[in-house]
Structures are given as C-alpha cells and as structure tokens.
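J.: Generate coordinates for the sequence data below:
(chains A and B)
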Amino acid sequence: GDSVTQMEGPVTLSEEAFLTINCTYTATGYPSLFWYVQYPGEGLQLLLKATKADDKGSNKGFEATYRKETTSFHLEKGSVQVSDSAVYFCALSDMNTGFQKLVFGTGTRLLVSP
Amino acid sequence: DGGITQSPKYLFRKEGQNVTLSCEQNLNHDAMYWYRQDPGQGLRLIYYSQIVNDFQKGDIAEGYSVSREKKESFPLTVTSAQKNPTAFYLCASSPSGAGGTQYFGPGTRLTVL
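T.: Reported below is the predicted structural model:
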C-alpha cells in the first residue's frame, strides 16, 4: 500500500538556521501531498499542501515542492524561529480506498534554540 | 468560531471500563475521522464516516466502536476489549471535495490505570 517515510528526529537547530525535513513517498496514482504541524499537547494543523507534480506549497515561510521524479516532498524554511519547535508530519492522500484517506509519516520533531 | 472540539482534554479510566470520547464539529463537514497517536509513531486511522448513519473501519478498529447519528457528532467508545488503550486520540473532519485535506481537533489524552 501507499506509504510515507520521513527523516528521524529530533532535528536540532539554532534560531535563524536553514531547515530541511526530508519526506519521500510510495503511492500508486497521483496523490496530494501534505505537511501538518503539531505543537505540544495539541492537534494537527495543516501547514501546506500540493496537489500535483511540480506544485509548490507554501505557508508561514515554509515551502515544499511536489517532486514526482524523486517521489519527494521535502519541507524547507530559510530561517527558523524558536516558535517553530514542533512535530512535523508528512502525509499523502490515498485515493485507492474509495475515499480520501490520509497516510502519515511517523513525524519529525524540530527543536529550535535561541 | 467554526472548528472541532474534543472533550475532555485528559481522561483517566480504570482497566476494564468502557469510555467514550466526544468529537463535535460546526464546520458542516460531511466526513469525520478518528485517529490514534502513540509516541514516535504516525497517526493510525481507527474509524471514519463519510455520511450520517454510515461509518467504516480503519486500520486499527479492534476494541473501538463509533456512531454517527448527527452530522456534527462522531463519538468514539474505547471498549475493554482494546488491549492497550492509553494513547492520544485525535478527531478530524473534511468537507466533500477537499482533495484529502482534513481538519483536526485538539485531541484527548486517555490514560488507563
């Protein structure tokens, strides 16, 4: 079945550093791809999405580009802040089940120090 | 404000007791979902419902039950048959044609003593 693989964390950075969190996927068909963020003790919030190859999703300084040739959707931010500390989940929409099921990666914890 | 509410935020129960987690949404979304989150793992789908009075098992439905009597509400019961119920439970909803986008509630942390 469809699956998502994320880099293991934690990712530890200093404020204003460049961030990359790798995400690759395996899917049949052409899924939409998502990044969700989870702050401590909270639910998930949609950060950005891309629905087709070469689309770039962006929000709050974060970006990710849907790369069909490498089956990847890496999350990037040019300058992280302490407030970006959270767990980031990559996900795809599995269209094979007859409804829009989301398949999640295991999450990557980001820790940003001042 | 529109959104998804889950209550309570923290729940403690004794082993062998059934417990029901609440999920309410006022977004007028058709579909609703229940996920379980364990430390270091992604979210796993327990049950989902695409329409009132209809629901389907997800990947880990054993030991859980749900109902969908109203569009706004999708309660989850964790039964005594669930062997390891301590976890963080997340409810989500999505409108028709959302392209897979789901909107999440704040979650309920269940601890079984």
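
J.: From here on, just use CA atoms for contacts and neighbour counts.
T.: OK.

J.: And residue A:28, which helix or strand is it part of?
T.: Element membership of residue A:28, judged by DSSP states H and E, is empty: it is in no helix or strand.

J.: The closest residue to it other than its chain neighbours: how many residues sit nearby?
T.: Nearest residue to residue A:28, sequence neighbours excluded (Cα to Cα, 6 or more residues apart in numbering or on different chains): residue A:2, at 7.0 Å. By the measure other Cα atoms under 10 Å in any protein chain shown, the count of residues near residue A:2 is 17.

J.: Report the contact partners of the closest residue to residue A:18 other than its chain neighbours.
T.: Ranked by Cα to Cα, 6+ apart and with sequence neighbours excluded, the top spatial neighbour of residue A:18 is residue A:78, at 4.7 Å. Residue A:78 sits next to A:16, A:17, A:18, A:19, A:61, A:62 when contact means Cα atoms under 8 Å, 6 or more residues apart in numbering or on different chains.

J.: Pretty sure the fourth one sits against residue A:74.
T.: No. Residue A:19 is beyond contact range of residue A:74, at 10.0 Å (criterion: Cα atoms under 8 Å).

J.: Show me what from chain A comes close to chain B.
T.: Listed as neighbours of chain B in chain A under the rule Cα under 8 Å from any Cα of the partner chain: A:32, A:41-46, A:51, A:89, A:93, A:100-102, A:104-107.

J.: how near is the residue positioned nearest the centre of chain B to residue A:58?
T.: For chain B, the residue nearest the mean C-alpha position is residue B:34 (2.9 Å; Cα atoms, centre = their mean). With the distance defined as Cα to Cα, to the nearest Å, residue B:34 ends up 27 Å from residue A:58.

J.: same deal with residue B:44?
T.: 26 Å.

J.: try residue B:58
T.: Distance of residue B:58 to residue A:58, given as Cα to Cα: 30 Å.

J.: now swap in residue B:111 and tell me
T.: From residue B:111 across to residue A:58, the span is 37 Å (Cα to Cα).

J.: starting at the chain centroid, how far to the worst-scoring helix or strand of chain A on mean pLDDT?
T.: Evaluated with mean pLDDT, DSSP states H and E, the helix-and-strand set of chain A has its lowest mean pLDDT in strand A:101-104, which scores a mean of 88. For strand A:101-104, the distance from its own C-alpha centre to the chain's C-alpha centre is 12 Å (Cα atoms, centre = their mean, to the nearest Å).
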